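1. Turn this into a model:
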Amino acid sequence: MGNPLNLPFDPIERAHENWTRRWGASPAMAAVTSIMRAQQILIGQLDATLKPHELTFARYEALVLLTFSSTGALPLGKIGERLMVHPTSVTNTIDRLERQGLVRRRPNPSDGRGTLAEITDAGRRVVEEATTDLLAMDFGLDCYSDEELWEIHRRFRSLRVGYGDFPDDAAPRR
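-> Numbering: from 1, shown residues only. Sure, this is the predicted structure:
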């Protein structure tokens, strides 16, 4: 999981002070650096929680996605699209889950050349157990209230809409 830094100062604040002296104040630099550090911390905590289940957060997300699908199976391309990852990452993730017996590949009946990834009964059991553990640790965000968590979600939604991940219903569709 990595260890806390245990520094006597905030390294991101120190970096911003140095940045400011060199190029001028940049709240964006401070924010993005904080976001990147938060991601490191969260991935470390999530992966540590999932390790007893022999999962990483990326593999857990794939299992959850398959669990949410109406048939328990999705084309590999659709998995990549929904998880917002490169096709190579999907292949590696499904390969690993398949070796673990949590997913199986099968031909896509609606696309003769395509392949579906289908969650197995063992995969369904593991996703339920892992979800219980993640919920118990509030996905690593137990330092925030529910209200703060919804605010974080709202703030990052604006970034995702602005990037073009999906349209904002209040804004004109592009």
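
2. Sheet partners, orientation included, of the top strand by length along the chain?
-> The residue-count maximum for a strand in the chain (DSSP state E) belongs to strand 111-119. Strand 111-119 has the following sheet partners, assigned by DSSP bridges: strand 73-75 (antiparallel), strand 103-108 (antiparallel).

3. which outside residues touch the last one?
-> Think strand 103-108. 62-63, 66, 73, 75, 94, 97-98, 114-120, 123 (Cβ atoms under 8 Å, 6 or more residues apart in numbering). From N, CA and C alone the C-beta is placed, and that goes for glycine too.

4. Give me the lowest-pLDDT entry from the residues you listed.
-> Scanning the contacts of strand 103-108 for pLDDT, the smallest score is found at G114, 86.

5. and the gap between that one and P75?
-> For G114, the distance to P75 (Cβ to Cβ, to the nearest Å) stands at 5 Å.

6. Export the strands paired with strand 111-119 as a markdown table, with columns for mean neighbour count.
-> Below are the strands paired with strand 111-119 laid out as a markdown table (neighbours: other Cβ atoms under 10 Å):
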| stretch | mean neighbour count |
| --- | --- |
| strand 73-75 | 19 |
| strand 103-108 | 16 |
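
7. Dump the ones you listed to TSV, plus distance to F9.
-> Below are those laid out as TSV (distance: least, Cβ to Cβ, whole Å):
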stretch	distance to F9
strand 73-75	47
strand 103-108	45
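
8. now for these, which one comes closest to E148?
-> strand 73-75 (33.0 Å; Cβ to Cβ).

9. Pull the distance from the closest one to the chain's centre.
-> Relative to the centre of its chain, strand 73-75 is centred 19 Å away, using Cα atoms, centre = their mean, to the nearest Å.

10. same deal with stretch 41-53?
-> 12 Å.
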